[in-house]
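# What would the 3D arrangement of this be:
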Amino acid sequence: MGSYVIRLKVLPEDTSTAHEKIVESVSKSLPAGARVRSQRVEPIAFGLSALIIDVETPEEDGVVDKVEQSVSTAPLVGGYELIGVSRMSSRLPPQ
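I've put the predicted structure just below:
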């Protein structure tokens, strides 16, 4: 079974909130088996920045909906946008 990488653009509830706290909040709210794989800050305008967060999760039915639900209800998150979903390549076992 493979894994998905789900890329989200997350907007803070308040512009003064530290990005690390938002990532921590999202990470804690993710469903079992999902984890934050990477993150970066994307400036928008006038001091407002969004976080681009990649979430790695096992491939299973409905997992994208579960991740979206958990991110939308996470504390400190003002809004989010699903940017994309990709299936991760499987790794070959060492020889």
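# What segments of this protein are helices?
In the chain, the helices defined using DSSP state H lie at 19-29, 63-72.
# by contact count, what packs against the last one?
Think helix 63-72. The elements that helix 63-72 packs onto, with contact taken as 3 or more C-beta pairs under 8 Å, 6 or more residues apart in numbering; DSSP states H and E, are strand 3-12, helix 19-29, strand 48-58, strand 77-87. All C-beta atoms are positioned from the backbone trio N, CA, C, and that covers glycine.
# With mean pLDDT and mean neighbour count added, can I get these in JSON lines?
Compiled in JSON lines, the helices and strands packed on helix 63-72 are given as follows (pLDDT from 0 to 100; neighbours: other C-beta atoms under 10 Å):
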{"stretch": "strand 3-12", "mean pLDDT": "94", "mean neighbour count": "19"}
{"stretch": "helix 19-29", "mean pLDDT": "95", "mean neighbour count": "16"}
{"stretch": "strand 48-58", "mean pLDDT": "94", "mean neighbour count": "18"}
{"stretch": "strand 77-87", "mean pLDDT": "94", "mean neighbour count": "13"}
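# Just put those in JSON lines and tack on distance to Val71.
Formatted as JSON lines, the helices and strands packed on helix 63-72 follow (distance: least, C-beta to C-beta, whole Å):
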{"stretch": "strand 3-12", "distance to Val71": "6"}
{"stretch": "helix 19-29", "distance to Val71": "6"}
{"stretch": "strand 48-58", "distance to Val71": "8"}
{"stretch": "strand 77-87", "distance to Val71": "5"}
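# Tell me which of those lies nearest to Ser38.
Closest approach to Ser38 among those (C-beta to C-beta): strand 48-58, 4.6 Å.
# Can you list the strands that that closest one pairs with?
Taking DSSP bridges as the criterion, strand 48-58 sits next to strand 3-12 (antiparallel), strand 35-45 (antiparallel) in its sheet.
# ok, and what's touching the last one?
The contact list for strand 35-45 (C-beta atoms under 8 Å, 6 or more residues apart in numbering) reads 5, 9, 19, 23, 26-27, 30, 49-57.
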